[in-house]
Structure formats: C-alpha cells, structure tokens
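> turn this into a model:
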Amino acid sequence: MSFDVDLFVIGAGSGGVRAARFAAGFGARVAVAESRYLGGTCVNVGCVPKKLLVYGASYQDSLAHAADFGWQVGKSVFDWSTLIANKNTEISRLNGIYKNLLSNSGVTLHEGHARLLDANTVEINGQKISAAHILIATGGWPSVPKFPGSELAITSNDAFFLEQLPKRVLVIGGGYIAVEFASIFQGLGAETSLLYRGDLFLRGFDQSVREHVRDQLEVSGLDLQFKTDIESLAKTDDGRIKASLKDGRELIVDSVFYGTGRRPMLDNLGLENTGVRLTKQGYIAVDEHYVTAEASISAIGDVIGDDFGGEVATARLQLTPVALAEGMAVARRLFKPDEYRAVNYQLIPTAVFCLPNIGTVGISEEDAVASGHRVNIYESRFKPMKLSLSGSQERSLMKLIVDADSDVVLGCHVVGPDAGELVQGIAVAMKAGATKAIFDDTIGIHPTSAEELVTLRSVTRTVG
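Have a look, this model is predicted:
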C-alpha cells in the first residue's frame, strides 16, 4: 500500500520534533502537526519560562547580600511586566528555532489540530493524510480537581501570562511544580502560602531532601501549611478570593495556583477510531518499544503508560530529556533499526528549581532499604561559601547513598545553589558504575560546594 508519508507526528513538542527530525534524517518522509505552539509544554509553559522566572526570583537574595560583599545598591523595585515581556520575547525566539529545525530537516509542518480517522490516516485542516506510521506526542495538560469555585484557580499555563504579580498567593500541591512556583512567587515579592494535604511535600524524593527543603523554605519566609486541603473558593466583594479550607479556616488571597497534577492531552484525537488502548489512569498504553495496541501507532512522552508488562511505567518520568530519548528511539526503531536501542530509565538525573535548587540522581535512602540494600549514608549540611559573608541562614545538603557490600554509589542528592548543574556530572559517574572509593580518589575543585561530594569520609549511618 502507498502512503502519503512514512511518519506522521502529532505534536511538535520536544519528543515529537526530535522523532521527526531524526526520522527525516534517516530518509523518511515526515509530517508534523501542531495545534498550539512549537516546542510544546517545555518551551512555552514549562521548564524554559519557569526557569527564567526562577532566575528572576533569585535576584531578591542576590541584591540583599550584595552589601555584604561591598556593593552599595539603592532601593530595588521589581517589575513583573518587564520580566514577562522579556520572557515572551525569548519564547518567540525559541519557537522560531523549532520551526527552522523542522524546515531544515525536510519535515512538513501542518499548523492545526490533527485527528485520527483510522490506524493509518490523519485529518488536519480538512486534509486527509495517510501514513505508514503515526506517532502521538501530544504531551500533558494541567488539571484542577472539581470542587465549588474551582474555576477561580489558575494553573502553570496561566501563571506565565498574568498581567500583574498577585500580592497574596495560595499555592496548592505537594509536587515539584507546586514547590517551584511557590518559590517563584515568594522570591518575586508575593506573600505566598503553600498548602498540601499530606504530611510533607515532594513525595518520592529522599526524606532528607524533603525535610531539608521544608526547613529552607520556612527560613525564606514561605508559609507552609500541611495536612489540609481546599473545600471551596469564592469571590469576595473586593474581587479577591476566599479559600475555605477543610479544617474550617479561611484565607483571603489574590490568586490560587493549582499544581496538583497533569493529565494526558488526548482531547478530540480520534483514538476511538483506532485500536489504541488506554491504561486505567487514562494514558496511552504502550509496550517497551512505545508501540500501542495498534501496530502502526506509537506514542511517547507524557501521554504514555505501561499496559504490556514492559519497563516504561515502572520508571516513567515526565521530563523533557526523557521524551527526547524516546523520540529518538522511535525514529531509530522505524527507520534505522541497526542503531536502535531501548531507552534506559535507570539513573535519570533530575532537578527541582525551587529556591534553593534540588538535584538528584539514583535512588533514595528509603527505596534503597526497601530494595534490600544495606547502605552507608554520607551526609553533610553546610553554609555555601557564596553566603559566608552574609547573615543568611540558608544551608546546603549533600548526600551519598552507597551500597555497603559493593561500594557502588546508588544515589546522590543535593540541595543548594545550582544543584542541577552539579548533579549532571555526578550522573555520568554513576552511570559508569562509580564506587565510593572512586569518589574518594577524585581530587576536588577548591573552593566549591561540589568538592564536598569527593571529600565525604565519615559514614553518617548504616541502614538496611
């Protein structure tokens, strides 16, 4: 059977664009459809603009500590509109880069909503296009639970386009998105509360990290409220929002931000016209090669889950680099099979860009023990040199989790300035199977915070 294209990609986010470009480079005829913005969540309403706002928020502390290093600065005034305008300019520049990447790769871009008519046909802007293979890479979308007044809440999609910075913000959630945005709002000068229904946020992270970040955020002035949740939201007479909590309290704020989760973006995609199956959680079910129950259709990124006993869901991380790796894997499997290799989900480093930053790779102390390891824990907390002349109470955390029998480093967790930058290099060493002895034999760079990881000599505790 003859097809119009070899591969049709639905979604021009990071994973979709990577798959399209590589497939075209392998000689395939490729088309991509995008209904919103090139670059997907990461570029437009995710990691890129978020980190720009984190940088903006970090200047509050830098300006406050400048005098300790001899700089006499005048009264500082933050202007939200300037930050947002400059952010928008940068995002537009990146959108153009993504468009050029596709064009220069020979990929045909269709701007509009694509819908599946069957296992090999897509309809977009009234045009029907047949494809030997179809890749779904439509990403995720913020979700807000339904309750009285829930329509008054904003999400990360909305926060990047607020006309002005709210004076009083209530952030709901305990995941990394909620913690990051609480830091952003607080750092930019908003009076901010973070409310989470559990005992402690960042579930799944190492317990030392969770507790350390809690303590540092409290020192920064962020109001943390655990073990409670929203009952309802309502507008007040002066246009603000009254948040009624399940413990009976009421809070009056200017904005309520929900960072409680994301759902797969599958709206009006036409999946019912195919044999594609969904998991119980509503994600597209794929095998370990990202193939759905419909052999001609694959899926990658934040839309997928595991339904065939593969390794995808057991290690799913909704991260841009993961989607990029998956997109490359699909392109190779379909059009360069001799170079195909499955994505390795072990030892994926990640960062949380709250203030201070979190960087982590490998397993937590709790997971190590639960997996049957007997581990030596090396842990250090100290004031970073950058703050040594200031009165700041901020402390950094560095932690290594080492298998007591093999000496292999199983986990590395850092909280402090530029933690993500630091952990990226550690991830390479851990991928190579580095032992604690190798860390010890590595000469540190002095004076840096990073050298702490190669000078940890005393076992804090042995567990398991």
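> could you use CA atoms for every contact and neighbour count after this?
Will do.
> pretty sure residue 33 sits in a strand.
Yes - the assignment for residue 33 by DSSP: H, G, I helix; E, B strand; the rest coil puts it in a strand.
> neighbours around residue 244, how many?
If you count neighbours by other CA atoms under 10 Å, residue 244 ends up with 17.
> thought residue 231 was touching it, still the case?
Yes - in this structure residue 244 lies within contact range of residue 231 using CA atoms under 8 Å: 5.4 Å.
> so in the protein, where's the weakest helix or strand by average pLDDT?
strand 304-306 (a mean of 76; mean pLDDT, DSSP states H and E).
> residue 144 in helix, strand or coil?
Under three-state DSSP, residue 144 falls in the coil class.
> excluding chain neighbours, what is closest to residue 228?
Excluding its sequence neighbours, the residue lying closest to residue 228 (CA to CA, 6 or more residues apart in numbering) is residue 197, at 4.5 Å.
> top strand in the chain by residue count?
strand 127-136 (DSSP state E).
> the residue nearest to residue 262 when sequence neighbours are not counted and residue 177, how far apart?
Leaving out its chain neighbours, the residue that sits closest to residue 262 by CA to CA, 6+ apart is residue 142, at 4.3 Å. To residue 177, residue 142 is 10 Å away according to CA to CA, to the nearest Å.
> common neighbours of those two, please.
Counting by CA atoms under 8 Å, 6 or more residues apart in numbering, the residues touching both residue 142 and residue 177 are residue 259.
> quick check: pLDDT value at the residue nearest the centre of the chain.
Nearest to the mean C-alpha position of the chain, counting by CA atoms, centre = their mean, stands residue 319 at 5.1 Å. Note on residue 319: pLDDT of 93.
> hmm, who's touching the longest helix along the chain?
In the chain, with assignment by DSSP state H, the single longest helix is helix 80-104. Contact with helix 80-104 is made by 17, 20-21, 37-39, 43-44, 49, 52-53, 56, 108-109, 160-161, 163-165, as judged by CA under 8 Å, 6+ apart.
> which of the residues you listed are buried?
17, 20-21, 37-39, 43-44, 49, 52-53, 56, 108-109, 160, 165 (16 or more other CA atoms under 10 Å).
> from these, which ones fall inside strands?
Within the buried ones among the contacts of helix 80-104, residues falling in strands by DSSP E are 108, 109.
> so residue 142 and residue 177 - more neighbours on which side?
residue 177 (25 against 17).
> looks to me like that one is in a strand.
No - Residue 177: not assigned to a strand; according to three-state DSSP it is helix.
> just the pLDDT for it.
So, for residue 177, pLDDT stands at 96.
> correct me, but it touches residue 258?
No - Residue 177 lies out of contact with residue 258 (CA under 8 Å); the separation is 9.1 Å.
> residues contacting residue 241?
So residue 241 contacts 152, 233, 234, 235, 252, 253, 254, 255, 256 (CA under 8 Å, 6+ apart).
> skip the chain neighbours and tell me the closest residue to it.
Among residues not flanking residue 241 along the chain, residue 235 sits closest, at 4.7 Å (CA to CA, 6+ apart).
> wait, that neighbour sits on residue 252?
No - using CA under 8 Å, residue 235 is not in contact with residue 252, being 9.5 Å away.
> show me which of those two is the more surrounded one.
residue 252 (18 against 15).
> just the element for that one, please.
strand 250-253 (DSSP states H and E).
> residues in contact with that strand?
Contacts with strand 250-253, where a contact means CA under 8 Å, 6+ apart, come from 167, 168, 169, 170, 240, 241, 242, 243, 244, 245.
> now list the buried members of those residues.
Of these, these count as buried by 16+ other CA under 10 Å: 168, 169, 170, 241, 242, 243, 244, 245.
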